[in-house]
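[1] Just to be clear, the model below is a prediction. Sequence and coordinates:
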Amino acid sequence: MKDRPLDQRLDDEASLEGYRSEEARREAIYGFFASKISIADIARQFSCSSAEVQSAISQARATRPRIERRENRVTWELHYAVALKLTEDPTDIIKRALTQANIMQGRQKDAISRGWMERWEELLSGDLEVLKTVMLDTTHEAEDLRQMSPFIGALSQSERLLAINKAAFQPGPDTQGHEV
């Protein structure tokens, strides 16, 4: 991805989010920023001011919980990306995740892992908002569930890389120097 010209990378990455909502637009901007693309370049791509870009970055960062361990930030960001997709079109994602959870359930040898897969099946068969809330919670249960996620294939490689870039972006002050 990095060997293509910046404008082409921005166009390709921007189309991933599709700007289907204001939240998706903020996430695209935040993903570019976390990918070390300058605020000026982001502003040009989105046809907006640098102040609007900084505001979007601050808003996106404010939605994230403070998670100390990087591996937990990665799984949280991956599941946040899945949650955005679930908001837009849950049917196919949930169907594939239920199939995957069933396959994973059959492969588990210990009771704890089987319990996690049973919990995923319960969540995937229930209310969408409860599913998203649990997926993005910061409890030990949610962290454990994210480690055995049935959402394999829900994100494209580019979407996965954007989420990983966001997770690598360390918590701290926002673009205006305020602690987030």
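    Arrived safely.

[2] How about the contacts made by residue 152?
    residue 100 (C-beta atoms under 8 Å, 6 or more residues apart in numbering). The C-beta positions use only the backbone N, C-alpha and C, and glycine is treated the same way.

[3] Shouldn't it be within a strand?
    No. Counting by DSSP: H, G, I helix; E, B strand; the rest coil, residue 152 falls outside a strand, being coil.

[4] distance of it from residue 101?
    For residue 152, the distance to residue 101 equals 10 Å [C-beta to C-beta, to the nearest Å].

[5] Apart from its neighbours in sequence, what residue is nearest residue 85?
    residue 93 (5.9 Å; C-beta to C-beta, 6 or more residues apart in numbering).

[6] Got the phi and psi for the residue of the chain most remote from its centre?
    Farthest-out residue of the chain from its mean C-alpha position, per C-alpha atoms, centre = their mean: residue 109, at 29.4 Å. Main-chain dihedrals, residue 109, degrees, to the nearest 10: phi -100, psi -30.

[7] quick one, what contacts the spatially most central residue of the chain?
    Geometric centre of the chain, nearest residue: residue 81, 2.8 Å, by C-alpha atoms, centre = their mean. For residue 81, the contacting residues are 27, 155, 159, 160, 162, 163, by C-beta under 8 Å, 6+ apart.

[8] Quickly name whichever of those is closest to residue 21.
    residue 27 (9.1 Å; C-beta to C-beta).

[9] which residues touch residue 116?
    144, 145, 148.

[10] what about it, which helix or strand?
    Element membership of residue 116, judged by DSSP states H and E, is helix 111-124.

[11] Alpha carbons of that helix, as PDB, please.
    The C-alpha atoms that make up helix 111-124 are tabulated as PDB, following Å, rounded to 0.1, in the frame of the first residue of the first chain:
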ATOM      1  CA  ALA A 111     -14.600 -25.800  28.700                       C
ATOM      2  CA  ILE A 112     -13.500 -22.200  28.900                       C
ATOM      3  CA  SER A 113     -13.100 -21.800  25.100                       C
ATOM      4  CA  ARG A 114     -16.400 -23.700  24.500                       C
ATOM      5  CA  GLY A 115     -18.000 -21.200  26.900                       C
ATOM      6  CA  TRP A 116     -16.700 -18.200  24.900                       C
ATOM      7  CA  MET A 117     -18.000 -19.700  21.700                       C
ATOM      8  CA  GLU A 118     -21.400 -20.400  23.300                       C
ATOM      9  CA  ARG A 119     -21.400 -16.700  24.500                       C
ATOM     10  CA  TRP A 120     -20.700 -15.500  20.900                       C
ATOM     11  CA  GLU A 121     -23.500 -17.700  19.600                       C
ATOM     12  CA  GLU A 122     -25.800 -16.200  22.200                       C
ATOM     13  CA  LEU A 123     -24.800 -12.700  21.300                       C
ATOM     14  CA  LEU A 124     -25.000 -13.200  17.600                       C
END
